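Student: okay, sequence plus prediction incoming.
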2 protein chains.
Amino acid sequence: MVSERSLAVLRAIVQDYVASREPVGSKTIVDRHHFGVSAATIRNDMALLEEEELIAAPHTSSGRIPTDKGYRVFVDQLADIRPLTTAQRQAIETFLGESNDLDELLSRTVRLVAQLTRQLAVVQYPSFARARVRHVELVSIAPTRVLCILISDSGQVEQRLAELDHPVDEETLHRLRDRLNEVAAGLTMAEAADALSAETAQADRAHAEVLRTLAATLADQAKVTRSDRLVVAGAANLVRTEQDFAGNILGVIEAIEEQVVILRLFGEMHSDEGIAVRIGRENAPYGLGETSVVSSSFAVPGRDVSRLGVVGPTRMDYSQSMAAVRAVARYLSRTLGES
Amino acid sequence: MVSERSLAVLRAIVQDYVASREPVGSKTIVDRHHFGVSAATIRNDMALLEEEELIAAPHTSSGRIPTDKGYRVFVDQLADIRPLTTAQRQAIETFLGESNDLDELLSRTVRLVAQLTRQLAVVQYPSFARARVRHVELVSIAPTRVLCILISDSGQVEQRLAELDHPVDEETLHRLRDRLNEVAAGLTMAEAADALSAETAQADRAHAEVLRTLAATLADQAKVTRSDRLVVAGAANLVRTEQDFAGNILGVIEAIEEQVVILRLFGEMHSDEGIAVRIGRENAPYGLGETSVVSSSFAVPGRDVSRLGVVGPTRMDYSQSMAAVRAVARYLSRTLGES
DNA sequence: ATTAGCAGTCATCCGAACCGAGTGCTAAGG
DNA sequence: CCTTAGCACTCGGTTCGGATGACTGCTAAT
């Protein structure tokens, strides 16, 4: 059983190590924090913490650094997520408040988070699946090419090009558009996908092929949600902290570019509190063993949730990251809820 | 005056240095290339090249490395841009041939170039300015919010949200849309911007404000071309070659994220041959003194040109990069010309 | 013009000695 | 029983000097 003070020592070690990048010894702790005890006592506590595998010594005679387990305890029990400064809060308001477009809002968001945390920031597009179809538009690009545009009630626009086997004239296209609008409008994307698929079956002979193709395209569009896309910012922060990744920073960068790894990771990060942290080796299956992820969901009530977060070295400032991520996520949820 | 053989020596030095990352000495050259002369002769040639500031010695007694000026001569006179292997050509055909959407085509392109050159690849969106307006669509999102969608004849879609002071009903919106379509359809984006601005002036009283706002939004959309956007891939390659950037790789990464620096750089890179190279200090004004850029324009005849290229350390394989960039640019021009 | 030979330069690579931060342990004190 | 002072010990990091060897530039001969 680790004593109260031992945990305080752990907290001190994490904080100092994060700040200095160097193993922290008993004397340093005595100097920098005012425990009312001597270095020898701290050493005893440290021996205890080492017993519990919360800290480790890189070499026989050097200070200690937190283990992944130590960070975990810190994050779960010891971190004080102090609220942002008012200046920071204002920055959120003013910087994000100006955006009028979902794309712009998210792109500003991710840059803001990168700046606040000085880490790589990632935002996942809100899912499309529970949004409702407002309008379907078909635009003829060439005789056999039709651009399908799907507009949701939240103002998101998805477009895709459909390639037809036979040419179709404007007239027909208009009728088809009205028909498809009738079928899909007001439904959620998920429902619309089904409805449109159904429509395919009972198509009237004449436009059977055209309708089938278009409906299939739209259905697919509605289904393949936009939530499998990420916006990223702050790559420079990743390189800045490169030395903290034991050489395999390339894996992290590839994971970011591939996106799918991060998305899967996000998919696994649920938590009651909204904010979740995955630390170091917990991410090893994804080849991100030296990496930590701090993320929070944000959502409009009644819509699918989405996530935003930061990706950085295990040795990161969790308090700061968690505070910033939480604040921005809350702001986003609030703003999206209004519109 | 540098002799014929001296230039051959320069070529050898560039090739070897790029391959080995180490200063190359006279003996190495004699061993690896079959000049019919001895090391001493090579040394004389090297002294000449050093005189001309085409190569330099990091230390008194080490091999030589090319200077920026040396790379310049290499690129302009000595590099053999050997065509891609048939395997590579096929890769281009099959990998890019599958895409049916401009977005997808460009995103595949940039990934392909990154893979072929093993460098960071960048593609600039083709300019919108000379494309023609095919269709304007207005969709009401909320009483005072209208989504303006601008569709070009090449299938590009631009959307923007307009915020109105007073609510507008569907009926009116329909009429406005028809009106705007009449005005703008068939014009190039640049012309449309003017026409729509003009329309603003002589608006009928009733919908004056609405029309003004919408026309202004569309005009702005048409003007702010999409060509100020970049698609990027292969950031891992940048980190892989980090040691070649004298420590300031952060500047490069920031330039990539900012985009504007790269765009300005692209803007300055014209060349008759289509392919252009900027080397090292030539980019110093942009804080990219250790960086080289190989780029080529691609274009549909009659449209504004756009660029794609790679960004890497001064010490890069110019032959390979130029070959790959040129091949992909040509393919793109051809493909876009067809559609 | 080329080449062999040679002296000179200088980064790099050890190994030894040294330093010092930090530990664990023990014994004494509250 | 917890805390503390003291002490021997460990071991990474630094510094210094010498040996190594990859080059070069120069000169003289071919």
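Tutor: Here it is on my side, so go on. Numbering: from 1, shown residues only, chains lettered A, B, ... in the order given.

Student: check contacts around A:Asp80.
Tutor: A:Ser319 (C-beta atoms under 8 Å, 6 or more residues apart in numbering or on different chains). C-beta here means a position set from N, CA and C on the backbone, and glycine is covered the same way.

Student: wait, I meant A:Tyr286
Tutor: A:255, A:261, A:264-265.

Student: same deal with A:Ser26?
Tutor: By C-beta under 8 Å, 6+ apart, the contact set of A:Ser26 is A:39-40, A:42-43, A:46, A:63.

Student: max pairwise distance over those residues: which two?
Tutor: The distance between the two most remote of the contacts of A:Ser26 (C-beta to C-beta) is 15.1 Å, for A:Ala40 and A:Gly63.

Student: near DNA strand D, from the contacts of A:Ser26?
Tutor: A:Ala40 (C-beta under 7 Å from any atom of the strand).

Student: out of everything not next to it in sequence, what's closest to A:His135?
Tutor: Counting by C-beta to C-beta, 6 or more residues apart in numbering or on different chains, A:Ile151 is the residue found nearest to A:His135 once chain neighbours are left out, at 4.4 Å.

Student: can you name the residues bridging to that neighbour?
Tutor: Beta-bridge pairing for A:Ile151 (DSSP bridges): A:His135, A:Val157.

Student: surely it is in contact with B:Leu147?
Tutor: Yes. Judged on C-beta atoms under 8 Å, A:Ile151 makes contact with B:Leu147 at a distance of 6.7 Å.

Student: which one's the longest helix in chain A?
Tutor: The single longest helix within chain A, with elements called by DSSP state H, is helix A:318-338.

Student: can you count the residues close to A:Leu211?
Tutor: A:Leu211 is flanked by 21 other residues according to other C-beta atoms under 10 Å in any protein chain shown.

Student: which residues are common contacts for A:Ile151 and B:Leu147?
Tutor: Taking C-beta under 8 Å, 6+ apart as the criterion, A:Ile151 and B:Leu147 both touch A:157, B:139.

Student: and A:Ala87, what pLDDT?
Tutor: At A:Ala87, the pLDDT value in this model is 95.

Student: go on, the one 5 residues further on?
Tutor: Per-residue pLDDT puts A:Ile92 at 96.

Student: now do the contacts for it.
Tutor: Contacts of A:Ile92 (C-beta under 8 Å, 6+ apart): A:84, A:112, A:327-328, A:331.

Student: which two of these have the greatest separation?
Tutor: Farthest-apart pair in the contacts of A:Ile92 is A:Leu84 and A:Leu112; separation 11.5 Å (C-beta to C-beta).

Student: any chance you could map the strands in the stretch 201-339 of chain A?
Tutor: Ranges of strands in the stretch 201-339 of chain A, per DSSP state E, counting those that start in this stretch, are A:230-233, A:275-278, A:291-298, A:306-313.

Student: any idea which of the ones you listed gets closest to DNA strand C?
Tutor: With C-beta to the nearest atom of the strand, the closest approach to DNA strand C among the strands of the stretch 201-339 of chain A belongs to strand A:306-313: 21.1 Å.

Student: okay, now the unreliable bits of chain A?
Tutor: Within chain A, the stretches with pLDDT under 70 are A:1, A:154-155, A:200-208, A:222-227, A:301-303, A:339.

Student: how far does stretch A:313-323 stretch from one end to the other?
Tutor: Using C-alpha to C-alpha, to the nearest Å, one end of stretch A:313-323 lies 17 Å from the other.

Student: by neighbours, which of the contacts of A:Ile92 wins?
Tutor: A:Val328 (26 neighbours).

Student: nearest residue to it in space, please, no chain neighbours.
Tutor: In space, and not counting its chain neighbours, A:Val328 is closest to A:Val113: 5.5 Å by C-beta to C-beta, 6+ apart.

Student: contacts only, for the residue in the stretch 151-300 of chain A that DNA strand D sits nearest to.
Tutor: Going by C-beta to the nearest atom of the strand, DNA strand D is nearest to A:Gln243 of the stretch 151-300 of chain A, at 12.6 Å. For A:Gln243, the contact set (C-beta under 8 Å, 6+ apart) comprises A:Arg21.

Student: show me what from chain A comes close to DNA strand C.
Tutor: So far as C-beta under 7 Å from any atom of the strand goes, chain A lies against DNA strand C at A:23-28, A:39-40, A:43, A:46-47, A:50, A:57, A:61-64.
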